[in-house]
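Asker: From the sequence below, what's the structure:
(one chain, ligands or ions: 1)
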Amino acid sequence: MTCKMAVFGTGYLGATHAACMAELGHEVLGVDVDVDKLARLEAGEVPFFEPGLDEVLKRNIDAGRLRFTTSYEEAAEFADIHFIGVGTPQKKGEFAADLSYVEAVVDSLAPLLTRPAVIFGKSTVPVGTAARLGARARQLAPAGDEVEVAWNPEFLREGFAVKDTLHPDRIVLGIDPVRSHRAEDVAREVYAQQLQEDTPFLVTDLATAELVKTAANAFLATKISFINAMAEVCEASSADVTVLADAIGHDARIGRRFLNAGIGFGGGCLPKDIRAFMARAGELGADQALTFLREVDNINMRRRTRMVELAKDAVGGSLLGTRIAVLGAAFKPDSDDVRDSPALNVAGQIQLQGAAVTVYDPQAMKNSMALFPTLSYASSAVEACRGADVVLVLTEWNEFRQIVPQALGNVVRNKHVIDGRNCLDPAAWRTAGWTYRGMGRL
Ligand code: UDX
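Answerer: From the prediction side, this is the model:
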């Protein structure tokens, strides 16, 4: 069955959700306050790099199932199903999440709701937010108690956003068990195709649904910091963390995924989500339960410092006057996202210590230049490495894995490579005359 829906926010989450809901056959209106972004989307252009999303966007605009607007009035008139997909960034100078964008959607939309409606929140929010927004929506809406707020967290990964949205590994829906009478039925219609594919569907209370998302990200962050802590011990004892990860990963209870040691996690989600989680637990008086996340954060930030130290060691103790090539700026491959990117953070720290740093990334150049305009940028990996004293591989793009060490050896000043993602073959580089250093491996 075709549903009509509005999706508020056309960033990573919102644009992907809107396009994928249209792909499922629904009629979708994407809403944003950013006129330029909407113009690009209307023209079929995805404002960020996400493999496969542009085809889905174009196909559904052409089919007439997907449109965009800045008008909340139009959205309220068009649909009785509304998704909130705006950002919840970290507040400046605090750990807590900034909920102003989510609140603005409810405050602008609810007064326009004259018919029964369901608002599904998809943004990552501190536990307790959905109940509060529900009360606010009921109070502001002419339709009053006929307006429901439910929480339907999004688990998509950048780089796999289309697949994760069309074929999620689970759908979680938080509803108010006392007040809700329609949200679950509406969600079953919206996600009918996924449910037919036997996607696990978990209906919970609002607080549990909110917590599922933060708990999942906290677990993933902890897993990465666990292996990075092992990397520190491996470094101190001349062991190899990549082999260790393979070996413990064979235990199905542990699993090999998310056990890649390196310069740690970044991006627009994991770092800010674990901090917001700690802040919220503090407000709830449960801060002790999450003190370990502070250590998870510490271990993660130490990896960046460690990379700077390794670069310094490679040039004999001082970075002053050296030339450093940085391959990779995105927080992970197949993305142009540089929010809290460990790679750019390391590049910036090294530059501050007096090195001339040249960065190359296959997709994230534009965003990197906007965030770190004082770094130098090259148009290819080879250009970035020309005359370099050390080459740092900081994002594991395939393009960097495929570099032929012999060829690159001809353009650098000194053949030192440091593999911040343990993604290169140490033997191949050493055979070609390079000194190779990984993270937590010899
Ligand atoms: C994450 C969650 O995975 C996703 O479910 C949630 O919806 C949003 O946050 P994303 O931010 O796209 O997704 O990136 P993810 O693939 O989780 O990687 C996060 C960071 O961890 C990256 O910087 C990546 O390089 C790093 N990472 C990942 C490691 O350092 N080691 C690993 O083994 C895995």
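Asker: which stretches of the protein form strands?
Answerer: 4-8, 27-31, 66-69, 81-84, 117-121, 147-151, 171-175, 201-205, 323-327, 356-360, 376-377, 390-393, 416-419, 435-437 (DSSP state E).
Asker: The ligand contacts on the protein?
Answerer: Residues of the chain lying near the ligand by C-beta under 6 Å from any ligand atom: 154-158, 217, 220, 224, 258-260, 262, 264-267, 269-270, 331-332. From N, CA and C alone the C-beta is placed, and that goes for glycine too.
Asker: Just the buried ones among those residues, please.
Answerer: By neighbour count, with 16 or more other C-beta atoms under 10 Å, the residues of the chain next to the ligand hold 154-156, 158, 217, 220, 224, 258-260, 262, 264-267, 269-270, 331-332 as buried.
Asker: Which of these fall within helices?
Answerer: 217, 220, 224, 270 (DSSP state H).
Asker: For whatever residue of the stretch 51-200 of the chain ends up closest to the ligand, grab phi and psi.
Answerer: Relative to the ligand, the nearest point of the stretch 51-200 of the chain is Glu158 (3.5 Å; C-beta to the nearest ligand atom). For Glu158, the backbone dihedrals (degrees, to the nearest 10) come out as phi -60, psi 140.
Asker: For it, list the residues it contacts.
Answerer: For Glu158, the contact set (C-beta atoms under 8 Å, 6 or more residues apart in numbering) comprises 12, 50, 267, 332, 334-335, 337.
Asker: can you do 6 Å?
Answerer: If you count contacts by C-beta atoms under 6 Å, 6 or more residues apart in numbering, Glu158 has them with 335, 337.
Asker: try Leu156
Answerer: Neighbours of Leu156 in contact, by C-beta under 6 Å, 6+ apart: 164-165.
Asker: What about it? Give its phi and psi, please.
Answerer: Dihedral pair for Leu156: phi -70, psi 150, per degrees, to the nearest 10.
Asker: which one is Asn398 nearest to, not counting chain neighbours?
Answerer: Pro333 (7.1 Å; C-beta to C-beta, 6 or more residues apart in numbering).
Asker: Now do Asp287 against Phe95, distance only.
Answerer: 11 Å (C-beta to C-beta, to the nearest Å).
Asker: whoops, I mixed them up, Ala276
Answerer: Distance from Ala276 to Phe95, by C-beta to C-beta: 6 Å.
Asker: And Pro405, by the same measure?
Answerer: 42 Å.
Asker: Tell me, how many residues neighbour the closest residue to Asp54 other than its chain neighbours?
Answerer: With C-beta to C-beta, 6+ apart as the criterion, Asp54 has its nearest non-adjacent residue at 4.8 Å, and that residue is Val46. Look at Val46: counted by other C-beta atoms under 10 Å, it has 21 neighbours.
Asker: What of Ala75?
Answerer: 22.
Asker: again, but for Pro342
Answerer: When counting by other C-beta under 10 Å, one arrives at 26 neighbours for Pro342.
Asker: Also Glu283?
Answerer: 12.
Asker: Check it and give its pLDDT.
Answerer: At Glu283, the model reports a pLDDT of 97.
Asker: Distance-wise, check it relative to Asp273.
Answerer: For Glu283, the distance to Asp273 - C-beta to C-beta - is 16 Å.
Asker: One more: Met369?
Answerer: Counting by C-beta to C-beta, the gap from Met369 to Asp273 is 27 Å.
Asker: Those two: which is more packed in?
Answerer: Between Met369 and Asp273, counted using other C-beta under 10 Å, the more crowded position is Asp273 (25 against 15).
Asker: where does the closest residue to that one other than its chain neighbours land on pLDDT?
Answerer: Closest residue in space to Asp273, ignoring its immediate chain neighbours: Asn217 at 4.3 Å, by C-beta to C-beta, 6+ apart. pLDDT, Asn217: 98.
Asker: Could you list the residues in contact with stretch 333-341?
Answerer: For stretch 333-341, with C-beta under 6 Å, 6+ apart as the criterion, the contacting residues are 48-49, 51, 158-159, 266-268, 271, 329-331, 344, 363-364, 367-368, 371, 395-397.
Asker: returning to that earlier point: could I get the strands of the chain as JSON lines with mean pLDDT and mean neighbour count?
Answerer: Shown next, in JSON lines, are the strands of the chain (pLDDT from 0 to 100; neighbours: other C-beta atoms under 10 Å):
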{"stretch": "strand 4-8", "mean pLDDT": "98", "mean neighbour count": "25"}
{"stretch": "strand 27-31", "mean pLDDT": "98", "mean neighbour count": "25"}
{"stretch": "strand 66-69", "mean pLDDT": "98", "mean neighbour count": "20"}
{"stretch": "strand 81-84", "mean pLDDT": "98", "mean neighbour count": "27"}
{"stretch": "strand 117-121", "mean pLDDT": "98", "mean neighbour count": "27"}
{"stretch": "strand 147-151", "mean pLDDT": "98", "mean neighbour count": "27"}
{"stretch": "strand 171-175", "mean pLDDT": "98", "mean neighbour count": "24"}
{"stretch": "strand 201-205", "mean pLDDT": "98", "mean neighbour count": "16"}
{"stretch": "strand 323-327", "mean pLDDT": "98", "mean neighbour count": "28"}
{"stretch": "strand 356-360", "mean pLDDT": "98", "mean neighbour count": "23"}
{"stretch": "strand 376-377", "mean pLDDT": "98", "mean neighbour count": "17"}
{"stretch": "strand 390-393", "mean pLDDT": "98", "mean neighbour count": "28"}
{"stretch": "strand 416-419", "mean pLDDT": "98", "mean neighbour count": "25"}
{"stretch": "strand 435-437", "mean pLDDT": "98", "mean neighbour count": "18"}
